[in-house]
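Student: I would like to see how this sequence folds:
(one chain, ligands or ions: 1)
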Amino acid sequence: MTQNTRIGFISLGCPKALVDSEQILTRLQSEGYTTTAKYSEADLVVVNTCGFLDSARKESLEAIGEAMTKNGQVIVTGCLGAEAELIRHAHPDVIAITGPNQHENVVAAIHDVLPPKHDPFLDLVPAQGIKLTPRHYAYLKISEGCNHRCSFCIIPQLRGSLVSRPVSDVLSEAETLVNAGVQELLIISQDTSAYGVDTRYAPSQWKEREIPARLEDLCMALGELGVWIRLHYVYPYPHVDNLIPLIQEEKILPYLDVPFQHASQKILKSMKRPAAEAKTLDRIYNWRKQIPDLTIRSTFIVGFPGETEEDFDYLLEWLNEAQLDRIGCFKYEAVSGATANQLPGAVPEEIKTERWHKLMALQKEISEKRLQEKVGQKIQVIVDEVNQDHIIGRSKGDAPEIDGNVFLPNTKFKIGDIVNAQVISSDSYDLWAE
Ligand code: SF4
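Tutor: Purely as a prediction, here's the structure:
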């Protein structure tokens, strides 16, 4: 290998896949490989795929096809990599196929084609590793895999059962990121509330103390780093109530991303959702009573097999009561390999679309109302983008990529600054402040 060996890297899919990409790239850079954004300059291209929905699988297969045509030396990894036959059928000449979270195998496959010549150039790698997010925020993955078996999901088949990282590992990565200038850590996993269940909350040594691998304890320690801590994929298990005091003490942001997916008990049961039995509305009221400015984000699926008009109306009523701030909604897609495909009562596409529009229209009204209530309030805004005459940022209630923005006139701020502002107006999803 010469110092010019260049790897092209295509990263598709969710933040968890993005973290995998970052880890592979960090390892490659530590071994002296460089990266390029041009197919023509790459000695080899790695495609990190997504295999969750059929649309994502199609996109992944197309990305592999493009890399094959434009470069020809392609290694496939990620969720779709678990279906090697499908990939080989479409693209028989890919060099190697590895599954999700198999960093060692990807790197080994690259070594086979382009062996590293030198000892690792460890000094070429920044301490925080390679990040694909902007410098001021980073995703922090606390566990891999999932112990649930939701009927619409094939993630456990692709990524295996829950494996939690030791608290000391997570904290040391977090500290390195903060030292490198990260102002906001986005905590991700498949099921954040289940953190540590697999290790029976095994403690590990961090600085002068032992910390159990339990979400509350981890959040408490992360909160001491003095940056924004945002939790994603928090299932509403009873112990999530223990996070409320941490939000009140401003250790973590007043933001919870809780993927409810539905409200009808019948559908939740048929989806085999974790914590489906919980009285979620009561929980939400209780959380909001203690933290009035709590932002709750969620995702929902409409048109799940067996969803009747009655179930859907119940979901709309529930949303009216719950007044969630932010929502992502998906039309049910029959993912191959998911057990839900065998359920009776498939919902026709046009009804799924109709329900999707109805739900999004209701959510638009709710979001508009919730944001209107913020007009006149003093908020903090993290700066994401600086333009000549305005800056684009986010409030504590907005995660990057998926939530809204706050627009401010440009003064002297730079990316990553956290600015005090007053909200002057709002629309359905965004705020304007000064
Ligand atoms: S909790 Fe359910 S939807 Fe989420 S990864 Fe696990 S099985 Fe899939």
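Student: what residues does residue 201 make contact with?
Tutor: Each residue near residue 201 by Cβ atoms under 8 Å, 6 or more residues apart in numbering is listed here: 212-214. Heads up, the C-betas are built off the backbone N, CA and C, glycines and all.
Student: domain ranges for the chain, per the record?
Tutor: Per automatic domain parsing, the domain ranges recorded for the chain read 6-124, 137-372, 378-433.
Student: the last one: how far from the chain's middle?
Tutor: Here the centre of domain 378-433 is set off from its chain's centre by 21 Å, with Cα atoms, centre = their mean, to the nearest Å.
Student: pLDDT on it, on average?
Tutor: Mean pLDDT, computed over domain 378-433, is 94.
Student: next one: the second one
Tutor: In this model, domain 137-372 has a mean pLDDT of 93.
Student: next, the distance between the ends of it.
Tutor: Domain 137-372 stretches 27 Å from its first residue to its last (Cα to Cα, to the nearest Å).
Student: the lengthiest helix in the chain: what's the following helix or strand?
Tutor: If you go by DSSP state H, the chain has its longest helix at helix 349-372. With elements assigned by DSSP states H and E, the helix or strand that comes after helix 349-372 is strand 378-386.
Student: next helix or strand past that next one?
Tutor: strand 390-395.
Student: can you list the neighbours in contact with that following strand?
Tutor: Residues from elsewhere that reach strand 390-395 (Cβ under 8 Å, 6+ apart): 374, 379-385, 400, 403-410, 413, 419, 431.
Student: how about that strand: buried residues?
Tutor: With burial defined by 16 or more other Cβ atoms under 10 Å, the residues of strand 390-395 counted as buried are 391-395.
Student: and these, which is closest to the ligand?
Tutor: Comparing those against the ligand with Cβ to the nearest ligand atom places residue 394 closest, at 25.0 Å.
Student: right, and the domains of the chain - which one's nearest the ligand?
Tutor: Of those, nearest to the ligand by Cβ to the nearest ligand atom is domain 137-372, at 3.1 Å.
Student: where does the stretch 1-150 of the chain dip in pLDDT?
Tutor: Residue ranges of the stretch 1-150 of the chain with pLDDT under 70: 1-4, 117-128, 130-131.
Student: what does it put close to the ligand?
Tutor: By Cβ under 6 Å from any ligand atom, the residues of the stretch 1-150 of the chain that approach the ligand are 146, 148-150.
Student: enumerate the residues of the stretch 201-350 of the chain near the ligand.
Tutor: Residues of the stretch 201-350 of the chain lying close to the ligand (Cβ under 6 Å from any ligand atom) are residue 274.
Student: which stretches of the stretch 201-350 of the chain form helices?
Tutor: For the stretch 201-350 of the chain, the helices defined by DSSP state H, counting those that start in this stretch cover 215-223, 243-248, 265-271, 280-290, 309-322, 349-372.
Student: most packed of these?
Tutor: Among the helices of the stretch 201-350 of the chain, ranked by average contacts under mean count of other Cβ atoms under 10 Å, first place goes to helix 215-223 (a mean of 21).
Student: between the longest helix of the chain and strand 390-395, how big is the angle?
Tutor: 100 degrees (axes from the mean of the first three to the mean of the last three Cα atoms, to 10 degrees).
Student: who touches helix 349-372?
Tutor: The contact list for helix 349-372 (Cβ under 8 Å, 6+ apart) reads 300, 302-303, 307, 312, 315-316, 319-320, 323-327, 329, 331-332, 347, 404, 426-431.
Student: buried only: go through these for me.
Tutor: Among the contacts of helix 349-372, those classed as buried by 16+ other Cβ under 10 Å are 300, 302-303, 307, 312, 315-316, 319, 324-327, 329, 331-332, 347, 404, 426, 430-431.
Student: and the residues you listed, which of them are in strands?
Tutor: 300, 302, 326-327, 329, 331, 426, 431 (DSSP state E).
Student: now do the strands in the stretch 101-250 of the chain.
Tutor: For the stretch 101-250 of the chain, the strands defined by DSSP state E, counting those that start in this stretch cover 137-141, 143-144, 163-164, 184-188, 204-206, 209-211, 228-231.
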